[in-house]
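Participant: got a predicted structure here, sequence first:
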Amino acid sequence: MPQPKFDYYSFDCPITNTLSIFEGKWKWLIIYILAEEGTLRYGVLKKCLPNITHKMLSQQLKELEKLQLILRKAYHQIPPKVEYSLTKRGSSLMPILDLMCKWGEKNYSKK
């Protein structure tokens, strides 16, 4: 029997690598919202996610920026203005999110 390509039980494979980047629900939703709406300011993004705390949103945005999935553009003005948008790398996740959305629509059942 041939050896598997990846050691799935040690979580050293492309699937677990991808999932580890997107632990939790917020990062996926932030990426999806930015893809659908385009460039958004922090306050508008927060309104799109009413159940997220300011601390959590700020943390998730910083992590997504560190992963080079979103771009943070700060304008030096008063009042301060910051905008978030997807990078090319972030946009490359949209086929995955679209498939997840289609699967969810097909298999969603209200309890």
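Facilitator: All right, it came through fine.
Participant: for the chain, give me the ranges with low pLDDT.
Facilitator: For the chain, the stretches with pLDDT under 70 are 1-12, 110-111.
Participant: what's near enough to touch residue 67?
Facilitator: Residue 67 sits next to 21, 89 when contact means CB atoms under 8 Å, 6 or more residues apart in numbering. (Glycine included, C-beta is placed from N, CA and C.)
Participant: so how far is residue 77 from it?
Facilitator: Here residue 67 is placed at a distance of 28 Å from residue 77 (CB to CB, to the nearest Å).
Participant: repeat for residue 58
Facilitator: 20 Å.
Participant: and the two? which has more neighbours close in?
Facilitator: residue 58 (13 against 7; other CB atoms under 10 Å).
Participant: CA atoms only: put the host helix or strand of the more buried one into CSV for me.
Facilitator: Taking DSSP states H and E as the definition, one finds residue 58 inside helix 54-66. Written as CSV, here are the backbone C-alpha positions of helix 54-66 (Å, rounded to 0.1, in the frame of the first residue of the first chain):
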residue,chain,number,x,y,z
HIS,A,54,-14.8,46.0,18.7
LYS,A,55,-11.9,44.2,20.3
MET,A,56,-12.5,41.0,18.3
LEU,A,57,-13.0,42.9,15.0
SER,A,58,-9.8,44.8,15.5
GLN,A,59,-7.9,41.6,16.4
GLN,A,60,-9.3,39.8,13.3
LEU,A,61,-8.4,42.7,11.0
LYS,A,62,-4.9,42.8,12.3
GLU,A,63,-4.4,39.0,11.8
LEU,A,64,-5.9,39.2,8.3
GLU,A,65,-3.5,42.1,7.5
LYS,A,66,-0.5,40.2,8.8
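Participant: adjust the sequence numbering to begin at 54 for everything that follows.
Facilitator: Understood, numbering begins at 54; the last thing we discussed is helix 107-119.
Participant: counting neighbours, which bits of it end up buried?
Facilitator: By neighbour count with 16 or more other CB atoms under 10 Å, helix 107-119 contains the buried residues 110, 113-114, 116-117.
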